[in-house]
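Student: Got a sequence here, can you build the structure:
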Amino acid sequence: MKIGFCGTVSVGKTTLVNTLKELPEFKDYKFATERSKYLRDLGIPLNTDSTLKGQTIFLAERCSELLHENIITDRTVIDVMAFTMCADSIDSFDKDRFEEYASRFIDEYDWIFYVSPSGVKIEDNAVRTTDADYRKQIDKMIKYICESNLNKISNFGIISGSTEYRIEQIKFYLNL
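Tutor: This next block holds a predicted model:
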């Protein structure tokens, strides 16, 4: 099964994936967490400075995850689409073409979980932005993309709360 978490910056997606890694129910899965620091150190602009080339690399990273049969990832192509659509340096024509192309991969996920930012403070990891308005903008775009592509999403769940509560919700959705 291919399970992806989508959500804005600093909502605990990576923490959630790293916690799932420790559970016996998911022992047969590969786990993928985003490598923002590594990619930033390669010179790939992140957040509001993102470029079409940079977003293409992020999309390729998400697509490479979809090559695995059992994977749980802390980002989806929906996240890449949202960051692309909110990037200042990418013109609207390229944004639209990118979104159209990237959306072709949404149906490859067996489950997509939207991780709500409600009640979660922004943490500064020295890589992602701590701009609360940008965080809201990305969240709004992710929700819009999810709603616009519900026909492509096999199974969709919304999770919120503490990491422990989110895990309970995931297990419920997955009938575990």
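Student: could you give me the average pLDDT of stretch 29-36?
Tutor: When the per-residue pLDDT values of stretch 29-36 are averaged, the result is 84.
Student: Please export the C-alpha coordinates of that stretch as CSV.
Tutor: Once non-C-alpha atoms are left out, stretch 29-36 reads as follows in CSV (Å, rounded to 0.1, in the frame of the first residue of the first chain):
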residue,chain,number,x,y,z
TYR,A,29,6.9,-0.7,4.8
LYS,A,30,9.6,1.6,3.5
PHE,A,31,9.5,5.1,5.0
ALA,A,32,10.4,8.3,3.2
THR,A,33,10.9,11.6,4.8
GLU,A,34,11.6,14.8,2.9
ARG,A,35,15.2,15.9,2.7
SER,A,36,14.8,19.7,2.7
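Student: Tell me where the model's unsure across the protein.
Tutor: When the per-residue scores of the chain are filtered using pLDDT under 70, the ranges that remain are 35-41, 43-49, 124-130.
Student: and the nearest residue to Met1 once chain neighbours are set aside, what does it touch?
Tutor: Closest residue to Met1 apart from its sequence neighbours, by C-beta to C-beta, 6 or more residues apart in numbering: Asp110 at 4.5 Å. Where you see a C-beta, it was placed from the backbone N, CA and C, and this is true even at glycine. For Asp110, the residues meeting the contact criterion (C-beta atoms under 8 Å, 6 or more residues apart in numbering) are 1-3, 154-155.
Student: Which member of those residues is positioned nearest Phe98?
Tutor: Closest approach to Phe98 among those (C-beta to C-beta): Lys2, at 21.5 Å.
Student: The contacts of Asp110 in strands, which ones?
Tutor: Those of the contacts of Asp110 mapping onto strands are 2-3, per DSSP state E.
Student: Show me how to select, in ChimeraX, the buried members of the contacts of Asp110.
Tutor: Of those, the buried ones go into a single ChimeraX selection, burial set by 16 or more other C-beta atoms under 10 Å:
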select :2,3
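Student: can you tell me the distance between the two ends of stretch 146-157?
Tutor: Between the opening and closing residues of stretch 146-157 lies a distance of 11 Å (C-alpha to C-alpha, to the nearest Å).
Student: which of the residues in that stretch are buried?
Tutor: 146, 149, 152-153, 156-157.
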